[in-house]
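Student: Starting from these lines, generate the structure:
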Amino acid sequence: MWKGIFYNAISKYSGVLINLGITAILSRVLTPEEFGIVALVFVFIGFFNLLGNMGIGPAIVQTLDLTEDDIGSIFAFSGLMALVLAVFFFFKWWHDCRVL
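Tutor: Sure thing, here's the model as predicted:
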């Protein structure tokens with residue numbers, strides 16, 4: 001049990017440390033305006049990661065009697081949600097070439 005906790009902690013916190021290092025390097029290399037855009041993108045990436053982990057994966061793993069129709073519906077929902085969000089944010093900032 002302790003081995004699993006250890007590897008889970010390493011997995012989670014190594015990502016945080018790597019992200020902190022990348023942010024520190026980018027803050028030194030980029031201008032403040034460019035870094036502001038990168039920070040905005042980091043916020044959206046975090047938001048989309050949160051949406052991606054909203055419980056669909058654990059629900060699939062814990063459900064014992066999934067049918068092919070259920071799997072297809074879950075896949076379609078995930079794809080449609082990603083497409084709707086991508087189109088929304090693209091058209092929200094399509095005029096700002098710095099973000100694209």
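
Student: contacts, neighbours, all on C-alpha from now
Tutor: Noted.

Student: Need the contact partners of the strand or helix carrying Leu83.
Tutor: Per DSSP states H and E, Leu83 falls inside helix 68-92. By CA atoms under 8 Å, 6 or more residues apart in numbering, the residues outside helix 68-92 that reach it are Ile56.

Student: Give me the distance from that helix to the chain's centre.
Tutor: 14 Å (CA atoms, centre = their mean, to the nearest Å).

Student: The most centrally placed residue in the chain is in what secondary structure piece?
Tutor: Central residue of the chain (CA atoms, centre = their mean): Asn49, 2.4 Å from the mean position. If you go by DSSP H and E, Asn49 is part of helix 32-52.

Student: That helix vs helix 68-92, what angle?
Tutor: Comparing the axes of helix 32-52 and helix 68-92 via axes from the mean of the first three to the mean of the last three CA atoms, to 10 degrees yields an angle of 160 degrees.

Student: how far does helix 32-52 sit from the chain's center?
Tutor: 10 Å.

Student: and what of stretch 15-32?
Tutor: Counting by CA atoms, centre = their mean, stretch 15-32 comes out at 18 Å from the chain centroid.

Student: Pick out the least confidently modelled helix or strand of this structure, by mean pLDDT.
Tutor: One helix or strand of the chain scores below all others by mean pLDDT, DSSP states H and E: helix 56-62, with a mean of 80.

Student: Name the surrounding residues that touch that helix.
Tutor: 66, 74.

Student: now Phe42: how far from Val16?
Tutor: 13 Å (CA to CA, to the nearest Å).

Student: re the thing from before, how far does the least confident helix or strand of the chain sit from its chain's centre?
Tutor: For helix 56-62 - counting by CA atoms, centre = their mean - the centre lies 18 Å from the chain centre.

Student: CA atoms of stretch 38-54 as PDB?
Tutor: Coordinates of each C-alpha in stretch 38-54 appear next as PDB, following Å, rounded to 0.1, in the frame of the first residue of the first chain:
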ATOM      1  CA  VAL A  38       1.100  32.000 -22.000                       C
ATOM      2  CA  ALA A  39      -0.400  32.400 -18.500                       C
ATOM      3  CA  LEU A  40      -3.800  32.700 -20.000                       C
ATOM      4  CA  VAL A  41      -3.300  29.500 -22.000                       C
ATOM      5  CA  PHE A  42      -2.100  27.700 -18.800                       C
ATOM      6  CA  VAL A  43      -5.300  28.700 -17.100                       C
ATOM      7  CA  PHE A  44      -7.400  27.200 -20.000                       C
ATOM      8  CA  ILE A  45      -5.300  24.100 -20.100                       C
ATOM      9  CA  GLY A  46      -5.900  23.600 -16.300                       C
ATOM     10  CA  PHE A  47      -9.600  24.300 -16.900                       C
ATOM     11  CA  PHE A  48      -9.800  21.700 -19.700                       C
ATOM     12  CA  ASN A  49      -7.900  19.200 -17.600                       C
ATOM     13  CA  LEU A  50     -10.500  19.700 -14.800                       C
ATOM     14  CA  LEU A  51     -13.300  19.100 -17.300                       C
ATOM     15  CA  GLY A  52     -11.500  16.000 -18.700                       C
ATOM     16  CA  ASN A  53     -11.300  14.500 -15.200                       C
ATOM     17  CA  MET A  54     -14.800  15.200 -14.200                       C
END
